[in-house]
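Trainee: need the 3D shape of this:
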Amino acid sequence: MSVAVQGLRYQSVTIASLDGKNKIDLTNSITSVDYYEDILSPCITMTMDVINSYSIFNRLPIRGGESVSMEIETVSGTFLLDGENAMYVYKVSNLDAQNTNESFTLHLVSREGLTNETARCQTVYRGNLKNTVIKILKDDLKTKKIKSQNIESTANSYSFIGNNKKPFHTLQWLGPKAVPTTSGGPTGTSGSDQSGIAKGTAGFFFYENRDGFNFRSIDSLVSNTRIEVSSANKKKVYNYSYDQFVIEHNSLNNNFKIINYNFEKNIDLMKSLRVGMYANKTYFYDLYTNSLDVYKYTLKDQIKNKLGASESIAVSDEFGDSISRIMVKVADRGILNPNGSVGDKMTSGADMAMAYSRYNLLFSQALNMNVPLNINLKCGDIIYAQFPKMEPANTGEVDPEQSGFYLIKELRHHFDPTNKMLTSMRLVRDSYGLYGPKNV
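Mentor: Predicted structure coming up:
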């Protein structure tokens, strides 16, 4: 696959000593850079291959914790990581200093990835989980990479003590406990009604991308999917297509062609039934009130926002309505008020079952795809991918089942001065088919 225009220029790449007094310019020493994001990872990481005619490793020296700032010009924009967004060395590998050149690989992580190892959540956290997430990021991780629109409010509150746990562990632990405001239940209540039927969906992700830290529900990530108009965060949805026979000469459209792809994961009905993704029953025992509640959750009756065009998830009524897993849970009340009362109506076992089903459904399809480097793509974004219909003759028709919207679960931006510049993505989605208008 040829690309119309692919240019790369390292404007500046510098590494600073621990005290910040010494800096070395790595601009002409870099052979390749790989940048990684993942919605299951709380921080971004990078690797950088370096080769030079003198010893950078011992001249600076590099011993871990050094900051690396960079500005890279690409066709899709300026890739800038400096100041609060600078990366930090946590590991050096493949060091070879026996020949005339020294070569090694720098392993980098955002500053909060290192701070997380020394910080602990030690105070009491109360109220809406959005406020808790912001408090941990500001007070415990001491970060400024917070945008209010990236930290989503929840329909439920939860009070707990940090118990000296690491911030990242605590923030990811809160994800399954969080219920989105779009779930349908009133604010401050669990997602179940008196009939014992669990209502709505649940489940959040905590992750970092180039926009900073995010605490987002699955429902919000997969909503508002209109091609080239808006995505879950109201930004442009990029449209990529695969056609191995049609390449436009010197056209920028080639930058939005899929170079190659493969479907890593597809339907697994047996596994879905075993984990209770479609329908499950939860026996929920509350130690505080000494009561036992039973909730049935049927996913296809409650899911509203999804990536595919199907009105419901692809499962027959025989399996979609039949309970395939029974769970027993004990109430997690968090902490009580000083007078012994329950301050928050904490998430119930039904809410946890809803999150469990929603996580599994989102990852039921997985697709690996390579495209020309596009630094504007981030994990948590939605893209639109068109694949050709498999027919003996190439008609150019779009496959209406495999094509459609996908969520970027993880990505790698590969920077290489030899023009081997790619964005590799692992995409996931919860349903089949095209969705929404293509042009608005």
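
Trainee: helix or strand: which one has Lys271?
Mentor: helix 269-274 (DSSP states H and E).

Trainee: which parts of that helix are buried?
Mentor: Applying a neighbour-count criterion of 16 or more other C-beta atoms under 10 Å, one finds Ser272, Leu273 buried in helix 269-274. Heads up, the C-betas are built off the backbone N, CA and C, glycines and all.

Trainee: one more: stretch 279-291?
Mentor: Buried residues in stretch 279-291, counted by 16+ other C-beta under 10 Å: Ala279, Asn280, Lys281, Thr282, Phe284, Asp286.

Trainee: that's a helix at Pro338, yeah?
Mentor: No. The assignment for Pro338 (DSSP: H, G, I helix; E, B strand; the rest coil) gives coil, which keeps it out of a helix.

Trainee: three-state assignment of Lys296?
Mentor: Lys296 ends up strand, using three-state DSSP.

Trainee: look up how far Arg358 lies from it.
Mentor: 16 Å (C-beta to C-beta, to the nearest Å).

Trainee: equivalent analysis for Phe263, please.
Mentor: For Phe263, the distance to Arg358 - C-beta to C-beta - is 22 Å.

Trainee: can you check Phe79 too?
Mentor: Taking C-beta to C-beta as the measure, Phe79 falls 33 Å from Arg358.

Trainee: higher neighbour count, these two?
Mentor: A direct count of neighbours by other C-beta atoms under 10 Å for Phe79 and Arg358 places Arg358 higher, at 26 against 21.

Trainee: who touches that one in this structure?
Mentor: With contact set as C-beta atoms under 8 Å, 6 or more residues apart in numbering, Arg358 has these partners: Thr201, Ala202, Gly203, Ile218, Leu299, Ile303.

Trainee: pLDDT weak spots in the stretch 301-440 of the chain?
Mentor: By pLDDT under 70, the weakly predicted segments of the stretch 301-440 of the chain are 306, 308-312, 340-350, 392-396, 419, 435-440.

Trainee: can you give me the helices for the stretch 151-300 of the chain?
Mentor: Taking DSSP state H, counting those that start in this stretch as the criterion, the stretch 151-300 of the chain contains helices spanning 167-174, 218-221, 269-274, 299-302.

Trainee: of all those, which one is nearest Gly20?
Mentor: Closest approach to Gly20 among those is made by helix 167-174 (24.8 Å; C-beta to C-beta).

Trainee: got the contact list for the closest one?
Mentor: Applying C-beta under 8 Å, 6+ apart, the external contacts of helix 167-174 come out as 42-43, 116, 119-121, 129, 132-133, 136-137, 140-141, 158, 162, 165, 204, 206, 215.

Trainee: what distance separates that helix from the centre of its chain?
Mentor: From the chain centre to the centre of helix 167-174 is a distance of 14 Å (C-alpha atoms, centre = their mean, to the nearest Å).

Trainee: export that helix to PDB, keeping only CA atoms.
Mentor: C-alpha atoms of helix 167-174 as PDB (Å, rounded to 0.1, in the frame of the first residue of the first chain):
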ATOM      1  CA  PRO A 167      -3.900   5.400  43.100                       C
ATOM      2  CA  PHE A 168      -4.000   3.500  39.700                       C
ATOM      3  CA  HIS A 169      -5.200   0.300  41.500                       C
ATOM      4  CA  THR A 170      -8.000   2.300  43.200                       C
ATOM      5  CA  LEU A 171      -9.100   4.100  40.100                       C
ATOM      6  CA  GLN A 172      -9.400   0.900  38.000                       C
ATOM      7  CA  TRP A 173     -11.100  -0.800  40.900                       C
ATOM      8  CA  LEU A 174     -13.800   1.800  40.900                       C
END
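
Trainee: can you flag the buried ones in the contacts of helix 167-174?
Mentor: Among those, those classed as buried by 16+ other C-beta under 10 Å are 42-43, 116, 119, 121, 129, 132-133, 136-137, 140-141, 158, 162, 204, 206, 215.

Trainee: so which of the residues you listed sit within strands?
Mentor: Among the buried ones among the contacts of helix 167-174, the members found in strands (DSSP state E) are Phe204, Phe206, Phe215.

Trainee: can I get these in CSV with distance to Ile62 and pLDDT?
Mentor: Below are those laid out as CSV (distance: C-beta to C-beta, whole Å; pLDDT from 0 to 100):
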residue, distance to Ile62, pLDDT
Phe204, 37, 93
Phe206, 30, 97
Phe215, 34, 96
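
Trainee: excluding chain neighbours, what is closest to Tyr10?
Mentor: The shortest distance from Tyr10 to any non-neighbouring residue, by C-beta to C-beta, 6 or more residues apart in numbering, is to Thr27 (4.8 Å).

Trainee: so where's the stretch 1-150 of the chain shaky on pLDDT?
Mentor: The model of the stretch 1-150 of the chain has pLDDT under 70 over residues 1-6.

Trainee: what segments of it are helices?
Mentor: Ranges of helices in the stretch 1-150 of the chain, per DSSP H, counting those that start in this stretch, are 56-59, 111-115, 129-135.

Trainee: out of those helices, flag the one nearest Ile258.
Mentor: Closest of the helices of the stretch 1-150 of the chain to Ile258 is helix 111-115, at 31.5 Å (criterion: C-beta to C-beta).

Trainee: export the closest one as PDB, just CAs?
Mentor: The C-alpha coordinates for helix 111-115 follow below in PDB (Å, rounded to 0.1, in the frame of the first residue of the first chain):
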ATOM      1  CA  ARG A 111       5.400  10.800  35.100                       C
ATOM      2  CA  GLU A 112       2.300   9.600  36.900                       C
ATOM      3  CA  GLY A 113       3.300   6.000  36.200                       C
ATOM      4  CA  LEU A 114       6.300   6.500  38.400                       C
ATOM      5  CA  THR A 115       4.500   8.600  41.000                       C
END
